[in-house]
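J.: here is my input, please return the structure:
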Amino acid sequence: MKVLLLIYSKLVSTNKKDLYRDLERNLEILNKVIGIDSVYASISSHFKDLFDRFPDVCFINNLRDSSVFGAYKGLRKLRGDDVLILDGGVKVTRDLLFKFLGRIHVTVGTVKERWAGIALVKMRDLDYVIRSLEKNFEGTMIDAFRTLRDTYSIVTEFLDLEEDTGGAILNIK
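T.: Residues are numbered from 1 along each chain as shown. Okay, here's the model as predicted:
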């Protein structure tokens, strides 16, 4: 299993320090649960200083500075593995990870019908997810996963995380 972090400019308000502190906490948990060699990040040019801060992370260039295009670029690089997609604005907990790691199908975390910043993509469905992301470059991540379900008939579970107080809630400034 690989982890793909999506880091783009909408995550930062005026201070990158808060985002970097959260990323550091998330990476500690991810390294313990999934492994140190399994973390990749799709970043835009706004975050060149991440290379020095997090040398253990493999970086992928996100040319369009959006979550959908970042996921597209990252998933194309990570073919051949199950991929856990995490938005950079999500606060990860062990419980949240374990809710997703045992799933059989493509699983998308939602809060009030919006993407919660976490999704699990199985290797067998990866090419279809990439195609659905291609069709939704101007849309949102939830649009891409609905396209996956409706167009390609891939079983996609939308897991409601609204009841979880410590769950993934995407915090875009």
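J.: please count neighbours and contacts with C-alpha atoms only from this point.
T.: OK.
J.: low pLDDT regions in this structure?
T.: Applying pLDDT under 70 to the chain flags the ranges 13-14, 163-173.
J.: which strand runs longest in it?
T.: If you go by DSSP state E, the chain has its longest strand at strand 114-121.
J.: ok, it: who's next to it in the sheet?
T.: strand 83-87 (antiparallel), strand 106-111 (antiparallel) (DSSP bridges).
J.: in TSV: the ones you listed, plus distance to Leu75 and mean neighbour count.
T.: Formatted as TSV, the strands paired with strand 114-121 follow (distance: least, C-alpha to C-alpha, whole Å; neighbours: other C-alpha atoms under 10 Å):
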stretch	distance to Leu75	mean neighbour count
strand 83-87	8	25
strand 106-111	14	23
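J.: in JSON lines: those strands, plus distance to Met1.
T.: As requested, the strands paired with strand 114-121 are exported to JSON lines (distance: least, C-alpha to C-alpha, whole Å):
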{"stretch": "strand 83-87", "distance to Met1": "6"}
{"stretch": "strand 106-111", "distance to Met1": "14"}
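J.: relative to Ile36, which of those strands is closest?
T.: strand 83-87 (14.2 Å; C-alpha to C-alpha).
J.: dump that closest one to PDB, keeping only the CA atoms.
T.: The C-alpha coordinates for strand 83-87 follow below in PDB (Å, rounded to 0.1, in the frame of the first residue of the first chain):
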ATOM      1  CA  VAL A  83      -3.300   3.800  -2.800                       C
ATOM      2  CA  LEU A  84      -4.700   5.700   0.200                       C
ATOM      3  CA  ILE A  85      -5.300   9.300  -1.000                       C
ATOM      4  CA  LEU A  86      -5.100  11.900   1.700                       C
ATOM      5  CA  ASP A  87      -5.700  15.600   1.300                       C
END
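J.: next helix or strand past that strand?
T.: Per DSSP states H and E, strand 83-87 leads on to helix 94-101 as the next helix or strand towards the C-terminus.
J.: with adjacent residues omitted, what lies nearest to Phe59?
T.: Nearest non-adjacent residue to Phe59, counting by C-alpha to C-alpha, 6 or more residues apart in numbering: Ala41, 4.9 Å away.
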